[in-house]
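1. A structural model of the following input is requested.
(5 chains)
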Amino acid sequence: MATHHTSDYQTGELKSRDLSYPSGGGISYKEVNEDVVRTMTQTGKWYYLALAGAVSGFLAFWILPWAYQIYKGQGVSGLNTPDFWGIYLTNFVFWIGISHSGTLLSAILFITKTPWRRSIYRSAEAMTFFSVATAAVFIFVHMGRPWNFYWTMPYPNQRQLWLNFQSPLMFDVFAISTYATSSMIFLYFGSIPDLAAVRDRVTGWRKQVYSALALGWRGTDSEWHWLFKAYTFFAVFIIPLAVSVHSIVSWDFALSKVPGLAKTIFAPYFVVGAIYSGSAGIVTLMVIFRKAMKIEKYITLNHFDKLGMLLLVMSLLWSYINVVEVFTGWYANTSAENETLIYRMFTTPYAYMFWLMIFTNTILPLLFIFKKCRTSILACVVVSLGINVGMWLERYLILTTSLPRKFLPYMWHDYIPSWVEISMTLGSFCFFAMLFLLFVKLWPSVSIYEVKEDIGIPMRKGGGHH
Amino acid sequence: MDKAVLGLFTYADELLDAAKRLEGSGYDITIFSPIPLGHEIEHKLGPRKNHIKYFTFIGSVAGLFFGLLLTLGTAAMYVLPRGGRPIWSITPTLLMSYETTILIGVFFTLASFLFFSKLPSFSRKIYDPVINVDSFGLLIDGNLRGKYDEVERILRDHGANEIKRVEETEYNS
Amino acid sequence: MKRRDFLKFIGIGGVGAGAGFVLGKVSKPPGAKLIPYLIPPEDIVPGVATWYASACTQCGAGCGTLVRVMEGRAKKIEGNPAHPVNRGGLCAMGQSSVQALYNPDRITKPLKRKGPRGSGDYTEITWDEALKTLAENLTELKSKGNSDKLHLLTSPLSGTLDKLVREFVSAFGSTNYSHYGLFQRKNLAFANLSAMGTASVPHYDIENTKYLLSFGADFSSTWVSPVNYSNGYGKMRQGAGERGKLVQVEPRLSLTGANADEWVPAKPGTEALLALAIANTIVEKGLAKDGGAWRGVLSRYKAKDVASICDVSVERIEAIAVEFAHTRPSLAIAGDSVSSYENGIAGAIAVNILNQVAGNIGVTVIPNGDDLGGGRRVDFSKKISTLIAAANADKVKALIVYGANPVFTTPKAAKLEDALSKVPFIASFSSFMDETTAQADLILPAHTSLEDWGDDFPDPGVGAPVASIIQPAVGPVFETKSLGDIFIELAKAVGGNAAGKITAPNFAEYLKSSWKELYSRNREMAAGTLGFEDFWNKTLQNGGWWGPPRKRTATVSARASEHLTGGPARFEGEEGQYPFYLIPYAQTAYMDGRGANLPWLQELPDPMTSVVWGTWVEINPKTAEKLGLKEGDMVNVESPFGKISAPVYLYPGIRPDTVAVPIGQGHSHYGRYAKGRGANPIEILPYNEDPRSGEAALNSTRVRITRGGSGERMVKMEGSTKELGRGIVQTVSTSEFKRMKKEGV
Amino acid sequence: MKKLILYAVVGGIAFIIGYFVNYQLFSDRAPVQPINFSHKIHAGDNQIQCQYCHIYAERSRVSGVPNVKRCMGCHQIIKTDSPEIQKVASYWDKKEPIPWVKVYNLPDHVYFPHKRHVRAGLDCKNCHGDVATMARIEKVSSLQMGWCLSCHSKKEVKNGSDCWTCHK
Amino acid sequence: MSGFFERIAGKLKSYREPGYYTKLDHKWTMVIDLDKCNGCEACVVSCYAENNLPVVGKEECEKSRAFSWLRIERYVEGEYPDVKVKFIPVMCQHCMKAPCETGCPVYATYHNQDGLNVQVYNRCVGTFTCATYCTYDVRRFNWFTYKWPKPLEAQLNPDVSVREMGVMEKCTFCIQRIRAAKDKAKDEGKDVQDGDIKPACSQSCPTGAIYFGDLQDPNSVVAKLAKSPRRYRLLEELNADPSVIYLKRVMGDGNSSHE
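-> The predicted structure follows:
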């Protein structure tokens, strides 16, 4: 066997490059492998506690209330006749939104060859996939007869009856399943070399699992070549797909005639909002992730600095569109639009939520103008959590202030969520946490080979081609 | 049976030099690396072809037509008018085909990647686990009878720190 | 694979498949059964609906119905399009009678009281036993010479059933058979008797009226014959001729008032004065058709004197008078809010005078004659107070109740329950455990009208002789008996005179023979028929018999004016302490409370407030602001006689000095849907019975409103009542409409 | 461990197969009836017309099962000694209807008028098979929506594929 | 052979026809005369009785889950004593360009050849899209499995299915009555005549404010009323093309006695 080689990365070329890693210690290739595999093999007490909490939370807060709802009927929720969607679709849109940053950012940054992508993209993509899964479950949760969900899938049947492809919900089914499939493929194929690396380091049943998952990857130049080519195409596909997915999600609402929902700006509004909330989600997640997994050297303040800038930009964009939305509603000056706006902005309890949302999503992120804030973990947590709360409120407000104020005032009726809905909202976070916790244990959650790429290619003579 | 020779390098430039040298001498070489060396290899050994794009294109076009067929065909199978719109309405059809274009495009890309990279393959092949950590490997395969010494010498000359004669190395042992 | 492994797999697979097979078998729905008829009923084809013509008995209007029956079950009740009273329409209450038939809270068997009275503790007994017990009680009464101490209290029955009961009671030797209902309109009948000589409500030809001046008559929802009047209203508005105008005078905007072109919110209790002032103005301006005789009487009611009392401007009184007199034909009607005052008779007479002065009597006011002799008889001497006094004086030894629910509909101030507790034996024939039935010692549940035979002679009628037949559309759902059969069997069991007089084997036969008699008396009936059987079959098919309209007229006798009073109606309670007039009104769905046990009616939003499942207090928003009340706040409505609590509904259509509470909720019994729901405003009324007519005044107390009290939350179906300029209910102005008509577009 | 999983998988698959075999194939095509009534004897050998017993077929949504009186109408004289007939007679004596088991059971949301189909000249055989050869009545058509539709489209029924033609 | 292709081409062309039907069999239309309607709600109960609508109870009513397919909306203008109250019965408007129909992913609601907006209960999966898209708030959802305490269930109309939990429903223009009338007409070998069909609400209306008929039949009552200068349709500006035509209420120009 080969002896242990440590590349001297502190010399020559490499030192002058602006690495994302602390220049002090220097990281060897081997260290990367060991660090990542360590996150998968060494499991502390806290991990099990967290997982147990997430699993039981998922069961108690989501599965049990859902089972109760399926058994008793949708009536156990607080939905009512004008507001048929309530929190369930709020959560659906929220989670779809959270999903938007991971894969989309990863793809964009991959194509633009942005270096700071490399250590965070894997977990961001996983976040995408898991939040899409969470969102998808909410589709079934909000359905009146979820046991007939397969009727929304195109399959040949004896009834000769297919699907209504004119329905925005059908666009959803296609867009979300395409998105979920593509982002899963994107995630998986980006991880194959790392799965192989893990395969080489583990034993027992894990060995078999990772051998199967790694597909027999050896790291030959042809494998790398085709992987890189295919990966580029995936990335290229992902970008328009992600944009279309959230546009389509917005059309669930925007293609109606309901005042407050039927807005032409909804598609970009939702896409921007999605990237915004997704990026905030990444920030929140990364703070916990790097701390829990002790991988601060890979996910550095530099990353938060960059993400902070992104958040600031998205915040300004989001605020702009939000102002436009309110403004166009005000400018239309129809009774329907006016009532919706008054209801949303000046009627309790929605006024509190609205102005809280404006605070967390427009004012609070302005802190990120300062580099001090961008590189402060505390500020990052506060702002990103604030944005997430604000974005959830945004979706909630869109639905609960529009649907109860439709065209016929006689049918106006406020919506009050029931414990079932609130519980399932909590449960969805537990579900997401559960999936993510399992992910970090079962998957190389930091890309090994790309971090190595970032460290640089070891050259005896230096002057590698870049 | 012939044995192949696997040289393990610490530095990528040495590996590439060795590869160029050996390839120039007409040996079948395979480069192993823990990170993609696409640029460096192409710089040194010349550009490589990208066949995947054709498959991606074909897949996308197929997806487009699949989407059109699905939306228009199923609408015509059971005629149920809704919303005062035609049975064949253009906009939703395009939306649907947009999604299927991407979906099938992704599938074709995936399939072509698996095809070209010959994955998945679970048969025993020459491999060394250290490659996935921090070593670059150069595998010289094919008819080497009587040329071992020369190959090993070239490898050593270029800085290989370990040279193995191997039949096959199990990567999944 | 090793051989042993293979066998193991086979074994596991087999067990799994077997278990799956069993589960598949078990989880399959059981084979549905196909139950044929033993003997097919002749007129039933399964899957095909049969329609039976009948008549509705939910209220006294006597609408003709068609009952849709499938496989022996009543599915729906619709108005009989051929019937002259309702012409196809049917109100919410009438349609709900199918829920009375299939009500889960019906009394399914005869019951005998076990626990103390009012405890609701009963044991089920057989019909034989029940009838025997009742007969024994009556025989005992008779043998002791106490025949006259038997009291019978029923809802206002009409036709053959009334005849049978009357026959039974008189044969038994009692004179105490009385009708009782909250909205019996005895004041109206009394006024009409003194004015025109018939003790009934005349036929109001709303259809051909061009100016309808309604004094608190809510004919769109509950008043007298709502479906008939609504039909006329529809034709008045958009019929062949010019569009008629509706002006409503009432302190609280009723459903009818909401449809009126003008609302005159006169002060409660002053409508009679207003009517007389209008009449006086007509006479003074020389517009009267028949003014001479009235000039003297009316001169006491000058518009300028009355205006401030009524809170209606002189100009307005004069304008109404002029328009009323000029528009021909016009019509004034006196509704519940007028006739429910302490001087209700005066109000009704005033309106009669107004009609007389405007020359409407015989044109739009067509007095009824009881052409067929089956109409409801109004006996002014039969009062609930008489019964109470008799009971207190130990003169009631047995009381039989049917249909009426006096415990619920009589003010607590009358102390009816105390009086009833002194009656040693109470029997009820009600099929529902209402408040009065809950006091009974013996309950013999009678059929509902869908299971029973009967007939109905609609009162007020339609200006034409009408007789409707009620036939059983379905077999009895429970072990109940036809009310007529109960009396016939009772007559046999009691023996004596009664047995001798009532010889029919059952009520169906009795009814038929009664109609045979009617047929032989009445030439019109005989016309175009081949004898009685043919007539009878046709009657059953058509749902009754009705003749051509009859023109009748009358003159309001000057003597009627002696019932007029000089001032507004009296309200109990001092104004300082009790600042608000209380208007308890008949709600569309529950009427006098009888509809409260039907789920459809409970869930029917009140037309004016959209409140469901409960009671509310209507308060003018300005008043509420002054009192610091918001919608939905619980308030106590307190009169000198008691207090109820209910949530507030902010109602712009009510005078600021008035509050209104719907009647009908607040049941302590009456089934799962009614029990313990809302409050009953009758409880806090004084017992102001008019000594002449025997009708208790509903609008006769003032109340004060205080925050507090307990009760259920108010649930209303409306979100907002503001249209917000969205053009939801679009309107055209009267002048625009006239132009449209003129241009013939 | 590996084996246990394998066993579980095999057992599970077998369970599902068993379930579906029962549910799909053993769908009680010919349930046992309270009386061993033979259409073969009545409709086959004796050539009794369908609508002699199923009297409502031309008039109503349902075709109607013969009432007990109708059975007794003939069987008071014919074959009174047969044990099956005596069973019928005992129902008649007890004044109880015969609890036949439904063979053609449509769900509640389907509106199927026998009347329209009979009046359109459709032979009973089309759906109910050749009952004249069945000793015990047997379900011969799936009664699934596709089955209805295929016939409707074959016969070019007007609005035959409109949902509300058959659903309610 | 060319005939075959022409037929195919014709068929394909018809798929591009807006609304698909070049001519409907019927165009069932309801005309409601608001000047006649007095808001008595007899129609509401009639609808409950005819269409097996469950009674949901007070708590559910409070959550705005009452089932009335047909409701009387009431709007109040002005303050005491100049209060104007207006009633309007609102039921499914059977829009020709119904927003709900496009929303449903599974074709549980669509437009049929009678011009009806049809809801197929047993196809519905309960995505709520139709109800959300409905601009008239007339769709009702089965939040629970509703039970009728015995023996109230004896009243249930066998011509109308009792809907399952999780299913959307709405006014059907009493399609079972349309079906029955067509059935009867077919037996008699003729077309459905004007006046043969009366939905439950129209049948029971005491004032006769609700008319029903085929707008395509120029001699029908509704066709004549539809030409009235008082005609308007609810929220017409939303371009849903509803099949319910309202006739404007005539309202006084203020108090004429003040003139």
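
2. Tell me the predicted confidence for the residue lying closest to A:W46 once chain neighbours are set aside.
-> With sequence-adjacent residues excluded and distances taken as Cβ to Cβ, 6 or more residues apart in numbering or on different chains, A:W46 is closest to A:A292, at 7.5 Å. (C-beta placed from N, C-alpha, C; glycine too.) Note for A:A292: predicted pLDDT of 86.

3. And A:A292, how far from C:D657?
-> Distance from A:A292 to C:D657, counting by Cβ to Cβ, to the nearest Å: 72 Å.

4. what kind of secondary structure is the residue nearest to A:W46 in?
-> helix (DSSP: H, G, I helix; E, B strand; the rest coil).

5. Can you report phi and psi for the residue most central in space within chain E?
-> Nearest to the geometric centre of chain E sits E:C92, at 3.7 Å (Cα atoms, centre = their mean). When read as degrees, to the nearest 10, the backbone of E:C92 gives phi -50, psi 130.

6. E:E169 is in contact with that one, correct?
-> No - contact criterion Cβ atoms under 8 Å: E:C92 and E:E169 do not qualify, at 9.7 Å.

7. what is in contact with the two at once?
-> E:69, E:139 (Cβ atoms under 8 Å, 6 or more residues apart in numbering or on different chains).

8. count of residues packed around residue 30?
-> Picked chain A for this. The local packing of A:K30 (other Cβ atoms under 10 Å in any protein chain shown) involves 18 other residues.

9. wrong one, chain B
-> Neighbours around B:T30, by other Cβ under 10 Å: 20.

10. Can you spell out which helices and strands pack onto the helix or strand containing it?
-> When secondary structure is defined by DSSP states H and E, B:T30 falls within strand B:28-32. Secondary-structure packing of strand B:28-32 (3 or more Cβ pairs under 8 Å, 6 or more residues apart in numbering or on different chains; DSSP states H and E): helix A:221-254, helix B:12-24, strand B:136-141.

11. same thing but at 10 Å, please
-> With contacts taken as 3 or more Cβ pairs under 10 Å, 6 or more residues apart in numbering or on different chains; DSSP states H and E, strand B:28-32 sits against helix A:221-254, strand B:4-9, helix B:12-24, helix B:38-45, strand B:136-141.

12. closest one to C:N187 among those?
-> helix A:221-254 (60.0 Å; Cβ to Cβ).

13. Now do the helix or strand where C:S230 lies, average pLDDT.
-> If you go by DSSP H and E, C:S230 is part of helix C:226-238. Helix C:226-238 comes out with an average pLDDT of 93.

14. what does stretch E:126-144 give?
-> pLDDT averaged over stretch E:126-144 gives 93.

15. Hmm, C:I309 is touching C:L276, no?
-> No - contact between C:I309 and C:L276 fails when scored by Cβ atoms under 10 Å: they sit 11.3 Å apart.

16. Among these two, which residue is more densely surrounded?
-> Remark: of C:I309 and C:L276, C:L276 carries more neighbours, 28 against 17, as counted by other Cβ under 10 Å.

17. I'd guessed that one sits against C:V351; true?
-> Yes - under the criterion of Cβ under 10 Å, C:L276 makes contact with C:V351 at 9.3 Å.

18. So the longest helix along chain C, near chain D or not?
-> When chain C is parsed with DSSP state H, its longest helix is helix C:3-27. Yes - with Cβ under 10 Å from any Cβ of the partner chain as the criterion, chain D is reached by helix C:3-27 at C:5, C:8-27.
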